[in-house]
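Q: Mind looking at a prediction? Sequence and model below.
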Amino acid sequence: MFNYIVRRLLYSLAALLVVVTVTFLFMHIIPGGPFQREKALPEAIRKNIEARYKLDQPLHIQYIDYLSHLIRGDLGPSYKYRGMTVNDIIRERFPVSVELGTVAILLALFLGIPSGILAALHQSKFPDYLVMFFSTIGIAMPSFVIGTLLMYFLSYKWGLLPSATWGSPQHVIMPAIALAGLPTAYIARLTRSSMLEVLSQDYMKTAIAKGLPRRRILWVHGIKNAIIPVVTYLGPLVAGILTGSFVVENIFAVPGLGKHYVTSIYNRDYTVILGVTIFYCVLLIFMNLLVDLVYPLIDPRIKLAERKEQV
Amino acid sequence: MVGHLLEVKNLEVEFTTYAGVVKAVRGVSFEVDPGEVVALVGESGCGKSVTAQSIMQLIPSPPGKITGGEIIFDGENLLEKNEHQMQKIRGNKIGMIFQDPMTYLNPVLSIATQVTENLRLHKGMSKKEAMERAVELFHLVGIPDPEIRLKQYPHQFSGGMRQRVMIAMALACEPKLIIADEPTTALDVTVQAQILELLKELKDRFQTAVILITHDLGVVAGQADRILVMYAGQIVERGTLDEVLKTPQHPYTWGLLKSVPRLDADKSRKLTPIWGQPPDLLQEFSYCPFMPRCDYAMAICAEEMPPFFNGGRARCWLNHPQAPKVEFKKEVS
Ligand SMILES: Nc1ncnc2c1ncn2[C@@H]1O[C@H](COP(=O)(O)OP(=O)(O)OP(=O)(O)O)[C@@H](O)[C@H]1O
Ligand SMILES: [Mg+2]
């Protein structure tokens, strides 16, 4: 168990190094830099600034310099926001994304799992068609469309909810729904198909033959098996929602990390781009590791040491 | 005698499929007395499992439906009971052992949970009482180290051990009837013998009636009091163990007997499987369904469904008083 975690962390570190290097190179390959504007700065000033951030050094020096700070957990200063480090930015912005993401994930689980089960129990009947209809829409409709529609009706037309920005519980509702659309639909389908499979398994017949009430058969014998694929999906999902909320954050002007990430790309804010990318990577690796550790608790057949490595 | 424990009367079961209506069970009747072992034998697909599962009302519906008959257990017609009433009978008054212990145990629940849950449900035992009973049951079915084994999961058990768990589960509430649907088919030969021995021992000890389903007459020989031979959804021969094994009256039974491999048989004896395929159960039969495969078929066999002859021993026109006398060649033993 301990060995497994150590080995996983080592693999993750290697993967991280690749990500850092590639992102670093690409960023410098794209034309333009953090201090190039439409209106050019006087040559001397630009030189000055670049010297201060060591942007005038050869690339490999910059790279090594960056790594040596990174090892100490220092993601460097922002080029755009004077006086802010990348660490500051993440610390300030990420909690907002977490709040939004948590609400969205809970929404997806509490809506997706029950409706998937409902659909499976009434296969090819009205509840099934209803769930499949909405889940198809959920999968087909991008979050910005859902977001825009919500905004149009709930705030513009009916004035029920604030249309943008952040601060009160009401502000969370619309972006959370927009963000939860796809995962809810996906979880519903996943639960439905795995529940259908479980329902046809022999051990369900044993459970009936033992005279167990329907409730127990379903919730104890069925769900615990049916939920396994959903748990597997949970790692990538959580990471995906936390890192992928930039579209929704942009639409609703939510001051989360995703929105800032996009802005920093426009601004060629090198250190922020790099820092947030690394942060997201670590998050992803951590979530996958967490799911792998939870997995054996649900499925006793899985032994950690035997699992295939996946970073 | 106290009357029958179980009486199945004219049971009819159908499955609605894309190809049409499969009549899997066609008017099956039989009785089981307390403490008696009744074997149900026949080729694959002849309706043994469907018959057994009808008793417990485990037929998946749709596509399945019990379309006729009565199942009287302990004086009550089970087919008139609702789901809730059936739950009190399943696993409590009637226990069931399935064919494949690999797939019939829930992989994600501990053995303890699976063995104790019906005790707690049907007998109202506390967790502790149920665990004690489970340990006792494991001793009974021959699982060593019960305390340790109960904490484990199905994948940590071998096939034979899993089947012992299934048996312990079926026995837990001391049912009056156990239905064992091919309990040894999925196991290897040495383990088969052990499991059969265990079943027999437990049955003698608790005076439980058993319906033993198998397609292997060899399994039946050491176990059953009476034998029912099934073909194409019907019972075609029935009798005591001796009657059916020593003086079989249906050519289908002859075929089954000839296809049993025996270690002690002399080398001159040929092992002959029954040729041909069982009939398609989509069709109605106005004639003997075994006729197309029968070496002794007569004109009448293709015209009319034979009734039971000789006091209800066999459904075969050969047993008609006017039929030519054909003797089953006893090359067996
Ligand atoms: N769920 C189902 N849907 C459609 N047809 C079914 C279903 N279950 C059983 N049948 C039909 O009922 C017939 C009898 O099946 P059954 O399982 O009782 O056979 P069996 O005698 O137990 O055979 P085996 O030795 O293979 O277990 C089969 O021919 C099959 O086509
Ligand atoms: Mg069967």
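A: That came through, no problem. Ligands and ions are numbered 1, 2, ... in the order given.
Q: which ones are touching residue 211?
A: Going with chain A. Residue A:211 sits next to B:86-92, B:118, B:121-122 when contact means CB atoms under 8 Å, 6 or more residues apart in numbering or on different chains. C-beta coordinates here come from the backbone N, C-alpha and C atoms, glycine included.
Q: Not quite, go with chain B.
A: Residue B:211 touches B:6, B:32, B:38-40, B:52, B:55, B:177-180, counting by CB under 8 Å, 6+ apart.
Q: Now for the residues you listed: which two are most distant?
A: The largest separation in those, counting by CB to CB, is between B:39 and B:55 at 15.1 Å.
Q: For my notes, confirm residue B:14 occurs in a helix.
A: No: using DSSP: H, G, I helix; E, B strand; the rest coil, the assignment for residue B:14 is strand, not a helix.
Q: What's opposite it in the beta bridge?
A: residue B:23, residue B:65 (DSSP bridges).
Q: Which positions in the helix or strand bottoming out on mean pLDDT in chain A come out as buried?
A: Within chain A, confidence by mean pLDDT, DSSP states H and E is lowest for helix A:43-52 among all helices and strands, at a mean of 78. Using 16 or more other CB atoms under 10 Å in any protein chain shown as the test for burial, helix A:43-52 gives residue A:46.
Q: tell me what the helix or strand following it is packed against?
A: Next in sequence after helix A:43-52, counting helices and strands by DSSP states H and E, comes helix A:59-71. Contacts defined by 3 or more CB pairs under 8 Å, 6 or more residues apart in numbering or on different chains; DSSP states H and E place helix A:59-71 against helix A:2-29.
Q: ranges for the strands of chain B?
A: Using DSSP state E, the strands of chain B run over B:6-17, B:20-32, B:37-41, B:64-73, B:76-77, B:94-97, B:177-181, B:209-214, B:226-231, B:234-240.
Q: Please work out which of those is packed deepest.
A: Across the strands of chain B, averaging neighbours per residue (mean count of other CB atoms under 10 Å in any protein chain shown) puts strand B:94-97 on top, at a mean of 27.
Q: mean confidence score for it?
A: Taken as a whole, strand B:94-97 carries a mean pLDDT of 93.
Q: Spell out whether it and ligand 1 are in contact.
A: No: judged by CB under 6 Å from any ligand atom, strand B:94-97 stays clear of ligand 1, getting no closer than 13.4 Å.
Q: Excluding sequence neighbours, find me the nearest residue to residue B:122.
A: Spatial nearest neighbour of residue B:122, excluding adjacent residues (CB to CB, 6 or more residues apart in numbering or on different chains): residue B:92 at 4.1 Å.
Q: since we're on the one you found, how many residues are nearby?
A: 20 (other CB atoms under 10 Å in any protein chain shown).
Q: any idea how far it is from residue A:221?
A: Distance, residue B:92 to residue A:221, using CB to CB, to the nearest Å: 18 Å.
Q: Spell out, range by range, the helices that occur in the stretch 101-250 of chain B.
A: In the stretch 101-250 of chain B, the helices defined using DSSP state H, counting those that start in this stretch lie at B:111-123, B:127-141, B:146-150, B:159-171, B:189-206, B:217-221, B:241-246.
Q: now the contacts of residue A:211: which count as buried?
A: If you count burial by 16+ other CB under 10 Å, the buried members of the contacts of residue A:211 come out as B:86-87, B:89-92, B:118, B:121-122.
Q: Is residue A:210 in contact with residue B:91, as I believe?
A: Yes: using CB atoms under 8 Å, residue A:210 is in contact with residue B:91, at 3.6 Å.
Q: shared neighbours of those two, anything?
A: Shared contacts of residue A:210 and residue B:91 (CB under 8 Å, 6+ apart): B:118, B:121, B:169.
Q: Kindly reformat those residues as CSV containing distance to ligand 1 and pLDDT.
A: Putting the shared contacts of residue A:210 and residue B:91 into CSV (distance: CB to the nearest ligand atom, whole Å; pLDDT from 0 to 100) gives the following:
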residue, distance to ligand 1, pLDDT
B:118, 24, 89
B:121, 27, 90
B:169, 20, 91
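Q: Now do the contacts for residue B:255.
A: Residue B:255 neighbours (CB under 8 Å, 6+ apart): B:272-274, B:293.
Q: measure it to residue B:276 for me?
A: When residue B:255 is compared with residue B:276 (using CB to CB), they lie 10 Å apart.
Q: ok, now residue B:325?
A: Using CB to CB, we find residue B:325 at a distance of 25 Å from residue B:276.
Q: out of those two, which sits in the more crowded spot?
A: When residue B:325 and residue B:276 are compared on other CB under 10 Å, the one with more neighbours turns out to be residue B:276, at 11 against 5.
Q: Would you mind giving me the confidence score for residue B:171?
A: With respect to pLDDT, residue B:171 scores 87.
Q: ah, wrong one, I meant residue B:307
A: 84.
Q: The nearest residue to it once chain neighbours are set aside and ligand 1, how far apart?
A: Sequence neighbours aside, residue B:315 is the residue nearest to residue B:307 in space, at 6.6 Å (criterion: CB to CB, 6+ apart). Counting by CB to the nearest ligand atom, to the nearest Å, the gap from residue B:315 to ligand 1 is 17 Å.
Q: tally of neighbours for residue B:285?
A: There are 16 residues near residue B:285, going by other CB under 10 Å.
Q: my read: it touches residue B:303, true?
A: No: counting by CB under 8 Å, residue B:303 is not a contact partner of residue B:285; they are 11.5 Å apart.
Q: got any ranges where the chain has weak pLDDT?
A: You didn't pick a chain, so chain A it is. A:36-40, A:304-311 (pLDDT under 70).
Q: look at chain B instead
A: In chain B, residues with pLDDT under 70: B:1-2, B:261-271, B:329-333.
Q: How about the residues of it by chain A?
A: Those residues of chain B that sit near chain A, judged by CB under 8 Å from any CB of the partner chain, are B:56, B:58, B:83, B:86-92, B:95-96, B:98, B:100, B:103-110, B:113, B:117-118, B:121-122, B:153, B:155, B:166, B:169.
Q: From the centroid of the chain, which residue is nearest?
A: Unless you meant another one, I'm taking chain A. Nearest residue to the geometric centre of chain A (CA atoms, centre = their mean): residue A:240, 2.2 Å.
Q: Actually, chain B is the one I wanted.
A: residue B:213 (2.2 Å).
Q: list the contacts for residue A:182?
A: So residue A:182 contacts A:138-139, A:143 (CB under 8 Å, 6+ apart).
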